[in-house]
Every structure is written in C-alpha cells, then in structure tokens.
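S.K.: Build me a model:
(chains A and B)
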Protein chains: 2
Amino acid sequence: MGTYELVEGKARAAKKAAAKLAVISTAVKNKALLAMAQALLDNQEEILKANAEDMENASAKGMRTSMLDRLKLTVARIEGMADGLRQVAGLPDPVGNVVGGNTLANGLTITKIRVPLGVIGIIYEARPNVTADAAGLCLKSGNTVILKGGSEAMESNKAIARVLAHAAETNGMPEGCIQFVDTADRQAVSDLIHMNGLVDVVIPRGGAGLIKMVVMNATVPVIETGSGVCHTFVDASADVEMAVNIAYNAKVQRPSVCNAMETLLVHKDIVERFMPAMLAKYAEAGVEIRGDERVQSMDAAVVPATDEDWSTEYGDLRLSVKIVDSLEEAMEHIAKYSTGHSECIVTQDYANAQVFQKTVDAAAVYVNASTRFTDGNEFGFGAEIGISTQKLHARGPMALPELTSTKYLVNGNGQVRG
Amino acid sequence: MGTYELVEGKARAAKKAAAKLAVISTAVKNKALLAMAQALLDNQEEILKANAEDMENASAKGMRTSMLDRLKLTVARIEGMADGLRQVAGLPDPVGNVVGGNTLANGLTITKIRVPLGVIGIIYEARPNVTADAAGLCLKSGNTVILKGGSEAMESNKAIARVLAHAAETNGMPEGCIQFVDTADRQAVSDLIHMNGLVDVVIPRGGAGLIKMVVMNATVPVIETGSGVCHTFVDASADVEMAVNIAYNAKVQRPSVCNAMETLLVHKDIVERFMPAMLAKYAEAGVEIRGDERVQSMDAAVVPATDEDWSTEYGDLRLSVKIVDSLEEAMEHIAKYSTGHSECIVTQDYANAQVFQKTVDAAAVYVNASTRFTDGNEFGFGAEIGISTQKLHARGPMALPELTSTKYLVNGNGQVRG
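M.R.: Sure, this is the predicted structure:
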C-alpha cells in the first residue's frame, strides 16, 4: 500500500468514527479517558522498551543531548501522561454547551450549541507525550484524531497510540477514534494536509519550519501555533525592581518555550536607573546580550544586534535589547517584529498601559507581568493543545472549547418564509 | 506595474490602515458609514453610468438574461445599498466586547475581548452590491477590506469603491481602508490568496468553482461559504399539510439561493398520504422531479435520479426525491451528500426530532420549518457577509462578531512565574 492510500484509509476510518463519537455521552468519554490513563501505567514496560529503541537509533544518528532528553521516556514521564489524561477527564465537556440563541418574531427558536470539529490532524515533533496529550484533548471534545509524530519518536509514539486506542475502544469509544500514521515517509504529512472532506483541521506543533511548511501547503484548514518573538517594554515610569524581576523571569526562567521574551525594549529615560541592575542580573545568569548602539556603549560584552536578531526566536539565553525614545517607538518596533504571541509593558502610567493594551496586536497583551503566563494551565483552562498565533478560530492558549465548532438548532411548528 | 506588485501594494496599504482602524471609536465608524450611504446617493449618476458600460460589454459578450439582471444597477438598487450601510451603522459594534475572563490565584486578571481580524479579502462575482455590503460590514467590525470583484462588473464596482473610499477617508477613517483591485487579470486572485502576513483572511463569495479554487489554492486562512445541497426529510409521523408547505417553500420560494432545498427525503410510511398532494403542488409550480425507482413509479414525468443528482446544487426548479425506509436511512443519505449547510426534519415524533438534531452535522439543523430561514437577517443578526459551511472560526450566517478575533488582556502588579 502506498503512503497516500495509507493516510487516506486512516482519514476515512477517523471520519467514520467521528460521526459516532460526536454523540457519545460525557460519562462514557470520561470513563474511557481514565481507562487510557490506567493502560499507560499497565503497559509502561512495552512503552519504555519502544522508547529505548528510539533512543538507541537517535544516539546512533548523533542526536544532540537536549533533543535526546526531549525524546526520552521514564516511569515519571509516563505517570505524567497518565495524570494529564485524568485531568482532562475531570474538565467540563464543551460539547452541547449552549453559547447563544434567541426566539424570532415568527416563533422560531434558534439555539447555538457547541459540537465537535470532527477529525483533527496533529502533526508534531520529538516529545512522545504529545501523543497522549493530544489524543486526550481531542477525544474529550468529541473529535477523532489522526496523529503524525516525528520519525525519531516512531516506536514510542506507536506504542503509546496502540495502548491508548485499545483502552479507548474497549471502553465505549468508537473503533478507529485514534489513528496513528505509522510511516516514516515524509510524504504522509503532505497527504494528510490535503485530505479535504475527511480532515476538518490540522494543528502543527513543533518548530517554525514545520509550521511554515504546513501553513504554506495545506488545503484543509490549519491552526498555526507557537512561534513567539515576545517583547517586554520597560516604560519611563516603570518600578525598577518590578521591571528587573519581570524582564529576568521572562527571559531566564525557561528560555526554550514560546512565551519567553526574545527582545527587551527600554525607554531612554529609565536607562540609567534600570540597565545596570538588569545587565548585572543577566550576566549572572549567563545571558548573551545583542544590542543597538546605545546598549553596546554600556557594556563591552554586548554583541551588535542585526535586523535578523530582532526577528529571531532564540529559544535560549540570548536576548536582543533596544533603547527607544518613546512608547510609540516601542509599539512600532513590536508591530514590525512581533509574531503576535505575547507582549508586555512595565509601567506605572495608566494612560500608557491603556494605549499599549489597546494598540498592540497579539494573542496576549500584558501590563506588569511576565509573558511566561501565556499558557492554558496558567490561564486556568486546565490543559492546552497549543497556543494559536493566528487570528481565525482561536487565538492564544487553545483548550477544549477551542477544539469545537458550533451548530444552530432551529425549532419551529411549520414556519415557511414569505 | 505587474499584477503581483499591484495586489501587494494594495495589501500593504490595507495592513497599514488596519492598525489605525482597529483603534478608531464606534462613533467615528458610524459617522463614516452614514456618509458612505449618502455618497452613494449623491453619486448615483456616476455609478449608473459605469454600470451601463458594464451592461453594454456584457450584452455584447452574450451574457444570459438572468446574469444581466444580477449585474444591473438601478436607482432603487443603489438606494438598497445605501440602506444596507445605514443599517450596519445602527448595529452594535463587536470590537471591545468582553467575551470572558477570570482572576487567577496569583492576582493576575485575564480579560478576553473582541478585536478586528485585520485585513479581509473579499473575492466575489457578478452582483455589484457586494462591494458596498462587504465594505460596510468589514469597516464596522474594524477591519480594512480588499475587494476583488468579477471582471464583468469592473466599472460598476470601481465606481462604487471609489465613492465609498472617498466618503470614508474624508469622514475620519484611515487612508487606504477600502482597497479595490482594479485589474481584470485573473492572476490577481491567486496573488491575493497568497499574501500571508498582509491579509488575515479571504472570504470567497460566488459559485462552487470560485470557492473551490480559493480553498484549494490559498495559503492565507479562508472562510468557505455558501454551497448548499440542503435536504428536507418528511418523517412517518409528519403533519401532512405542514410537510407539504415546508417542502414547497424550501424548494419554490427562491430556488436560486444556497438555503433552498435540493433533495426531498420521504419516509415510506407517509408516501401514500403525502406524495400525491406534494407532487401536484410541485407540478403546478413547474418543478422537475428526479426520483429513485419508487418515485418514478408514482408519476410518468419523474426523471430517474443519478448519483450526480444527489450531490448537485441545482439552484433552480429541479428537485431530487428519494423514498427511505427509516430515519436512519435518511440521516445516512444526508451524511453522504450534505454540504453541511441546512437540513430539516418534519416530524411529530419527539425522539426522532432529538436524534435528527443531535446527529446531523450541518450549520443549521431544523425541526418543522423551511431551510430558507438560514440567513443573517432572518436569524436576527442584522446583516451577513456570507454563510460559512466550514467548521473552523464560524459556521452558518456570519455577521459582525464573526468578522472579529479576540485577544487576552493580562493585568498584573509584578507577577512572575515560579
């Protein structure tokens, strides 16, 4: 069987299952999620063995240590996946929620309710835990899922998906509700993103290259996630200690994630009070500074920032820093280089806080807090499948409601149009 | 200047204007909309002259009478466009609406508000009134608009767009907020749907061919609109008179529109009571019936229905009719051939009504009313830019809120992540 036939077969099976899953009760879905969690624990030996195979192959191919760490599964990480599924079982089911409605003059009642999207394709890299996280969120929201993981985690993902699918199907969920694309042929991604009529949406999770490839080639609808060139602007009136804490946390606490800061903008009138303390703290943490001319003049260690620096998501302990003359200059810089993820102003000025939040175009716009909070768990949504950086359908952390569509129920007693 | 440069220039201008328009007050937008309405009336001579040119060209090219009627502008139709703009001015502004939020344990407050999408591309055919309708809805919801109309209406659209843009810009709206793509080069559509980073969404309005072309080729997000193979299922328990009225209205009242019925499904147990009266009424109205074998046996005039008939949106006085043995068979037929627009059951059975509304996957699912009500005005939304038949972002009639995205405002007093 060719790759196209393989992917199409899985998409057809997922669509068939989706019609059944859409009308399954919350109680059945929750029971299945708990069974899936238990199955991961009961089958951890099989999963760890598969993972050991992936680790061996990856080592032999010379994979970097940081990547190897992302690929590695342990008993604790499998327990983490199981906990995640149990948590999703405990969240409210969005399907059937009434989100609006009215009664028309002619007596027709219109009720807008949440319904599943249908079939969701998840295209992801490296971390095998995404297999369980994505399956849990999709199933809870009434969707079937087609999982296409990275080839480096093939055996781990395959084992996890097999365990989850078996537990789901033996606990009331429709056959075929979890599909795993078990081929390393890169063509499979291209096939999946062209399954119009069978796949309702694809969500790529991974590096900028993967996301761009999917966005530029898919004919099925896509939700773009995760790229984050996030800025923090320290305004003239900022509380210096607060600004240092926020800018330090946003860069240093976990630099590899999308809501970490990549560029610090500093108002010229606070430079003298703020920058010495800030640069000392960054130096202590080993942060490499790339700055404009004014920043370079403050510290010999500062590397000149290029235009590429302003638009790069470093994902590590590098930071670009620019001194600006005004709030407007800061907002112009953000408008030019932001990926629309998370942007922050640190200020004590009420009007500036308002203008910044109103003007800056991003999924999350902060006043006086670290951008690191842009996250489904932190926002109180219980879980997330990714952070949308597009404006259509969902923006920011996507939780269960963002994995649904709506339909209108229209009830009458014989109304016809005049 | 090549077509690509022309389209890119307009997209850049629209994006620049979008940043300004996003923060303009509702009062200014409403004033501009009223000025635009007045400008259409004040400049009707110019618009009618341009339309006469289009009509002459179209006649010379042998355009069908029904198409010529769609292209034609009259004083009354220009007044209709002006009325539409005034109506939009009177609708509530969705921008800034708070749609959710909460306060986290650490004291951060999160507020989810509606914001404009940014730049909306509208690709449309034939009717010049779309130029005014789309511009009004986009501007009111804080978006700038790039209009790409059909070449047959080029002069009419160009005149309308010029009048509207001048009125908007001289009444407080940012320069460039209405862009009109004034080239007949078909490449312009292809260029527009690849303007990632400049165009936030494209909405095609027109025939199935146009919509499919845009969906299959665009790299910017698309909202699919309008194709409607709508079904009415007359259940065994239906009130016969009500069923005849609904099925007649759904087919005959305005057969050219997307919410009109294309296929009638009839439960075998009501055939004897329902079909003679129904067929007589259809015959009176000149409806051509294409039926399965059981329907053919009832009337010599019935044409055998092919598989293509079940999936065709006739848009005229043709109707396919099938006798089914059960509710399940009706729902299976609908699942196979529906475009997910509007589906109806006529029944007196409570359980069947519930099952039908829960199971059928469409934007609007009716009990005992004509599918012709699926419409922004009928639903009480005041206006619509189209009817979405996709599940992402918006489904069903799209009004002003559906032309917005959201952003999270996060307010703190120094919170950092631990």
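S.K.: Would you mind listing what in the stretch 201-350 of chain A touches chain B?
M.R.: Residues of the stretch 201-350 of chain A lying near chain B by C-beta under 8 Å from any C-beta of the partner chain: A:201, A:215-217, A:219, A:221-223, A:239, A:242, A:245-246, A:248-250, A:253-254, A:335. (Each C-beta comes from the backbone N, C-alpha and C, glycine too.)
S.K.: Buried subset of the residues you listed, written for ChimeraX?
M.R.: To isolate the buried ones among these in ChimeraX, judged by 16 or more other C-beta atoms under 10 Å in any protein chain shown, type:
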select /A:201,215,219,221,222,223,239,242,245,246,248,249,250,253,335
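S.K.: Now, the residues of the stretch 201-350 of chain A next to chain B that are in helices?
M.R.: The helices, defined by DSSP state H, take in A:V215, A:M216, A:N217, A:M242, A:N245, A:I246, A:Y248, A:N249, A:A250, A:A335 from these.
S.K.: got a markdown table for the residues you listed, with pLDDT too?
M.R.: Shown next, in a markdown table, are these (pLDDT from 0 to 100):
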| residue | pLDDT |
| --- | --- |
| A:V215 | 90 |
| A:M216 | 90 |
| A:N217 | 93 |
| A:M242 | 98 |
| A:N245 | 98 |
| A:I246 | 98 |
| A:Y248 | 98 |
| A:N249 | 98 |
| A:A250 | 98 |
| A:A335 | 95 |
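S.K.: Please identify which pair of these lies farthest apart.
M.R.: A:N217 and A:M242 (44.4 Å; C-beta to C-beta).
S.K.: For the residue in the stretch 251-400 of chain A positioned nearest to chain B, which residues count as its bridge partners?
M.R.: Closest approach between the stretch 251-400 of chain A and chain B, counting by C-beta to the nearest C-beta: A:A369, at 3.1 Å. A:A369 forms beta bridges with B:Q415, as assigned by DSSP bridges.
S.K.: Quick one: residues contacting it.
M.R.: Residues near A:A369 by C-beta atoms under 8 Å, 6 or more residues apart in numbering or on different chains: A:I246, A:C344, B:L108, B:V410, B:N411, B:G412, B:N413, B:G414, B:Q415, B:V416.
S.K.: Could you dump those residues into a markdown table with distance to A:V234 added?
M.R.: Listed next are the contacts of A:A369 as a markdown table, based on distance: C-beta to C-beta, whole Å:
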| residue | distance to A:V234 |
| --- | --- |
| A:I246 | 8 |
| A:C344 | 9 |
| B:L108 | 19 |
| B:V410 | 17 |
| B:N411 | 17 |
| B:G412 | 15 |
| B:N413 | 15 |
| B:G414 | 13 |
| B:Q415 | 16 |
| B:V416 | 14 |
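S.K.: Among these, the buried ones, what's the PyMOL command?
M.R.: The buried residues among those can be selected in PyMOL (16+ other C-beta under 10 Å) with this line:
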select buried, (chain A and resi 246+344) or (chain B and resi 108+410+411+412+414+415+416)
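S.K.: Kindly export the lowest-mean-pLDDT helix or strand in chain A (C-alpha atoms) in PDB.
M.R.: Least confident helix or strand of chain A, by mean pLDDT, DSSP states H and E, is helix A:65-71 with a mean of 88. The C-alpha trace of helix A:65-71 is given here as PDB (Å, rounded to 0.1, in the frame of the first residue of the first chain):
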ATOM      1  CA  THR A  65      21.700  15.800  24.100                       C
ATOM      2  CA  SER A  66      18.900  18.400  24.500                       C
ATOM      3  CA  MET A  67      16.900  16.600  21.800                       C
ATOM      4  CA  LEU A  68      17.600  13.200  23.300                       C
ATOM      5  CA  ASP A  69      16.300  14.500  26.600                       C
ATOM      6  CA  ARG A  70      13.000  15.500  24.900                       C
ATOM      7  CA  LEU A  71      12.700  12.100  23.300                       C
END
